Each structure stands twice: as structure tokens, then as C-alpha cells.
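J.: task: produce atomic coordinates for the following.
(2 chains)
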2 protein chains.
Amino acid sequence: MTIKIMQNVLAANDQKAAELRALLQRKGIFMLNLISSPGSGKTTLLEKTLPLLQNKFKVAIIEGDVETDRDARRLAKFNVPVVLINTSGACHLESVSIEKAFASLDLDNLDLIIVENVGNLVCPAEFDIGEDAKVALLSVPEGDDKVIKYPLLFRESHLAILNKIDLLDHANFSKEAFYTDLRQINAALDVVEMSCKDNLGLENWIAWLEQKIAAKQ
Amino acid sequence: MTIKIMQNVLAANDQKAAELRALLQRKGIFMLNLISSPGSGKTTLLEKTLPLLQNKFKVAIIEGDVETDRDARRLAKFNVPVVLINTSGACHLESVSIEKAFASLDLDNLDLIIVENVGNLVCPAEFDIGEDAKVALLSVPEGDDKVIKYPLLFRESHLAILNKIDLLDHANFSKEAFYTDLRQINAALDVVEMSCKDNLGLENWIAWLEQKIAAKQ
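T.: Numbers count the residues shown, from 1 in each chain, chains lettered A, B, ... in the order given. As a prediction, this is how the structure comes out:
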């Protein structure tokens, strides 16, 4: 019975996501779904990214959070639209919330929408929100076993960012184990190693984004 | 409609949790529900804890994981029963799974059950599994804003462990901000600062556990 309810929820979500994906296709907007644990550095990544994109592309942010506006406020200083979705305790975003957020955006005047999902490695990977690509962000102190423990996210993603590489000397993290597991789960996955703290790897991430945005236009 | 379904699920879960709590009371077993993000160090904490408790108490572990047995295998080398619950994609444990795990344990011969929940700061805090206490584990590299962003967990917990304090010099983490938010959300919460890597703070955690176990017997 529980399984049946869950299937209905997922089917309704997927239907709405397909509608949003078709809408984004017509508008020529690339939308990505940024997923990680709490504290992997999603908002910091956006703080570093927005200044590098602002003069080239029209960008909007949809910010998913369980209940506060902390992350949305951190991004409010940049001159881009930020739409906050508070999930009221839910651990992931669903397509119906993205549709509501779209109502606050001028879709005729955008190239890129970045959705910062709720911090969680499990359910956000299960719920399609109409994105063109999922981006999985993993940080070094979380450990090299997270790829194999949360395979769905890495199977579903188009890009994995390994963040906080400045902590490699201080954490128990084997890059060899990380890449071995990653190749086993998704051999086609692009990977960018990054340290937002030390501004390492941002140019590779921006190049990846630019290529995806160009392909959509 | 979705809300109604959710309330039914939670009500059924709470009813079963109350039954388990009464059973643990009769058996004199203290059960704790260990909750954190992926990679905060739950399993490493258990690896450090079990050798310190084994000669004093009869301990069992219930290990919640989305799909692998990685964590359970890490704990198999200790001479305690480890029951693995694979949630098949669900992001939290529910009381009905704990009841099934109990069937594999000799409840007449235990003082302490530690449940390692699925790595997630959201839903595990919402689902009562019949535990005596929730323990929230937060690691320094996740950032000092996690208390205010995930307040339910810290409101519901009896103890917060701040782990990986060896990384304080390498991460953007203000202990002052952390404690200010914590006091605002749950003034009664016990806190232990810890570094499993450097074996710091373990004695305070063990003392906390010993006191709780003794109070239950």
C-alpha cells in the first residue's frame, strides 16, 4: 500500500517534470539540479559561480531549503533573481514546486537556471524536477565511500564535483577509491575537482556550464 | 491529500514506536538513534566506541543504510550483534523496520542498542523509532549554519556531538555561531566536542552513555 502511494506520487511528479522540461526546451534555458549532503558547499559554489557568469549569461537561482532563508539571503547580494522554496520539512524538491517558482521568473529572459536542492543524498536523486542535468557535489571530508553508498545520485548525474580538495591532506579520503567506484557506477560521468576556498577548479566548472548552455540555445 | 497520507504514515509509525519504547522499558535497554549527514562520522564513532563499551555492557548495533552493507561490514569485526536494515532507497528508518531488527536480537541479554540511522539531517528527525534519545552528530567541515538550517533534529536530540574538531583550523566554522544557535533552539541539549581521528572527547561521550544506561536499568 505504501509502495502504491509512492508510485503514484512519483508518476505525478514525473509527468509534471516532463512538462517543465518541454517548456525549458522551447525557451532555450539550461536548468541544472545541484545535489549534495548538507555542508558540502553548494551555496558557496554558487557564490563563487555567479560573478563569473553574470556578464555572459542571464541566470536565475531556485533555492530549496527545509525551513530557513539562510542560503537565499547569501545569494541575494548578486544581481540575479533568487526564488526560495521552503519545503516545510520535506527532504527534497518536487516538480510542482519548481513550476510554482517558474511563475516568479521571466523565462523569456533567461539562459540558465540553477536549482540548489535540499541538502540530502537520497531523495533528491529520486525526484525528477525537469532539469537538463543533475550535478552531484561531494566534499572530501565526507569520505570516499559515498559514491558506492549513494549510487543512484552518481548514476543519474551528468557531472560530479569533488569539492574541498584543500582538505585532502587532513581527511581520510582515497582519490583512487573514489574514482574506481565512480567509474564502476557511471563511466560517462564528467568530474571536476574543486576547492572553492582556494579558487581551484572553478574554470573547469564554468567551461562545463558554458558548453551545456550553448548546446541548449 | 499528500498531507493526509503523510499524517497517516506518521501516526502508524508513532504507534509502533510507542510499543517498542514500552518493550525497551520492560527489558531495561537504553536505545539511541544516531543521526547525521552522510560522512559526518557515525560509523567511525561506533568503531571507536565499541571497544570502550564491550567489557562493561552488552551492546547491539542496528545499522540503517540505503542499499549497501559497507558500514555493517566495518562493524562486523567487533564482537557485538549487528543487524543491517537496507531501506531500498528510503532516506530514513521507521519503527516497523526496527521491530523486524529486534526479532534478530536477544533482548533479554542487552543493555544498549545503538541505531545508526540513514545519513540525512531531515527525515530521520521526523520518524520516531522508539528510541530513548536521539543523538545529533555534526562535523566541522559541514559548517556552523547547520543547527539553524535543520532545527528539528537539534530540538529533538538529547545530545549533540561536534565531530572533526581537528579540522577547525582548516574550515570556515565559528564555534560561537554554533553555540549561539544551539542555545536558541535547545538550551537543554548536552554537547560533546570530539575528534575521532585524534581520539578527543570520547571519554565524555562514554560517560554520557554510561549515565543513560545506568538510569535505564
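
J.: name the single longest helix found in chain A.
T.: helix A:2-27 (DSSP state H).

J.: what angle sits between that one and helix B:2-27?
T.: Helix A:2-27 and helix B:2-27 are oriented at 140 degrees to each other (axes from the mean of the first three to the mean of the last three Cα atoms, to 10 degrees).

J.: quick one: buried residues of helix A:2-27?
T.: Across helix A:2-27, burial judged by 16 or more other Cβ atoms under 10 Å in any protein chain shown covers A:13, A:16, A:17, A:20, A:21, A:24, A:27. The C-beta positions use only the backbone N, C-alpha and C, and glycine is treated the same way.

J.: how near is the first one to chain B?
T.: By that I understand residue A:13. Here the criterion is Cβ to the nearest Cβ, to the nearest Å. By it, residue A:13 lies 11 Å from chain B.

J.: give me the distance between that residue and residue A:130.
T.: 10 Å (Cβ to Cβ, to the nearest Å).

J.: state the three-state secondary structure for the closest residue in space to residue A:14 that isn't next to it in sequence.
T.: Excluding the flanking residues, the one nearest residue A:14 by Cβ to Cβ, 6 or more residues apart in numbering or on different chains is residue A:128, at 5.4 Å. Under DSSP: H, G, I helix; E, B strand; the rest coil, residue A:128 falls in the coil class.

J.: check residue A:49 too.
T.: Here residue A:49 is recorded as helix under three-state DSSP.

J.: does it touch residue A:201 like I think?
T.: No. Counting by Cβ atoms under 8 Å, residue A:49 sits too far from residue A:201 to count as a contact (11.5 Å).

J.: hang on, the earlier thing: tally of neighbours for the residue nearest to residue A:14?
T.: For residue A:128, the count of nearby residues is 21 (other Cβ atoms under 10 Å in any protein chain shown).

J.: from residue B:102, how far out is the residue most central in space within chain A?
T.: Closest to where the C-alpha atoms of chain A average out (Cα atoms, centre = their mean) is residue A:34, at 0.6 Å. Residue A:34 sits 39 Å away from residue B:102, going by Cβ to Cβ.

J.: residue A:157 too?
T.: 37 Å.

J.: quick one on the thing from earlier: so what sits against both of residue A:13 and residue A:130?
T.: The contact sets of residue A:13 and residue A:130 overlap at residue A:95 (Cβ atoms under 8 Å, 6 or more residues apart in numbering or on different chains).

J.: where does chain A dip in pLDDT?
T.: A:1-7 (pLDDT under 70).

J.: so for the next helix or strand along the chain from the longest helix of chain A, what gets flagged as buried?
T.: Next helix or strand after helix A:2-27 toward the C-terminus (DSSP states H and E): strand A:30-36. Of all the residues in strand A:30-36, those buried under the rule 16+ other Cβ under 10 Å are A:30, A:31, A:32, A:33, A:34, A:35, A:36.

J.: for stretch A:207-217, same thing?
T.: Applying 16+ other Cβ under 10 Å to stretch A:207-217 flags A:208, A:209, A:210, A:212, A:213, A:216 as buried.

J.: only C-alpha atoms, please: export it in PDB.
T.: Presented in PDB, the C-alpha positions along stretch A:207-217 are these (Å, rounded to 0.1, in the frame of the first residue of the first chain):
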ATOM      1  CA  ALA A 207      33.600  25.700 -19.000                       C
ATOM      2  CA  TRP A 208      31.300  22.700 -18.500                       C
ATOM      3  CA  LEU A 209      28.400  25.100 -17.800                       C
ATOM      4  CA  GLU A 210      29.100  27.300 -20.900                       C
ATOM      5  CA  GLN A 211      29.200  24.200 -23.100                       C
ATOM      6  CA  LYS A 212      25.900  23.000 -21.800                       C
ATOM      7  CA  ILE A 213      24.200  26.400 -22.100                       C
ATOM      8  CA  ALA A 214      25.500  26.800 -25.600                       C
ATOM      9  CA  ALA A 215      24.100  23.400 -26.600                       C
ATOM     10  CA  LYS A 216      20.700  24.400 -25.400                       C
ATOM     11  CA  GLN A 217      20.400  27.600 -27.200                       C
END
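
J.: all strands of chain A, in order?
T.: A:30-36, A:59-65, A:82-86, A:112-116, A:133-139, A:159-163, A:190-193 (DSSP state E).

J.: now do the first one: everything it contacts.
T.: Contacting residues not belonging to strand A:30-36 are listed as A:24, A:42, A:45-46, A:111-117, A:119-121, A:124-125, A:129-139, A:153, A:157, A:209, A:212-213, A:215-216 [Cβ under 8 Å, 6+ apart].

J.: partner strands of it and their direction?
T.: strand A:112-116 (parallel), strand A:133-139 (parallel) (DSSP bridges).

J.: okay, now the nearest residue to residue A:57 once chain neighbours are set aside: neighbour count?
T.: Nearest residue to residue A:57, sequence neighbours excluded (Cβ to Cβ, 6+ apart): residue A:111, at 4.2 Å. Residue neighbour count, defined by other Cβ under 10 Å, stands at 18 for residue A:111.

J.: what does residue A:28 give?
T.: 13.

J.: identify the residues contacting it.
T.: Residues in contact with residue A:28 (Cβ under 8 Å, 6+ apart) are A:111, A:216, A:217.

J.: residue contacts, the first one?
T.: By Cβ under 8 Å, 6+ apart, the contact list for residue A:111 reads A:28, A:29, A:30, A:57, A:58, A:59, A:213, A:216, A:217.
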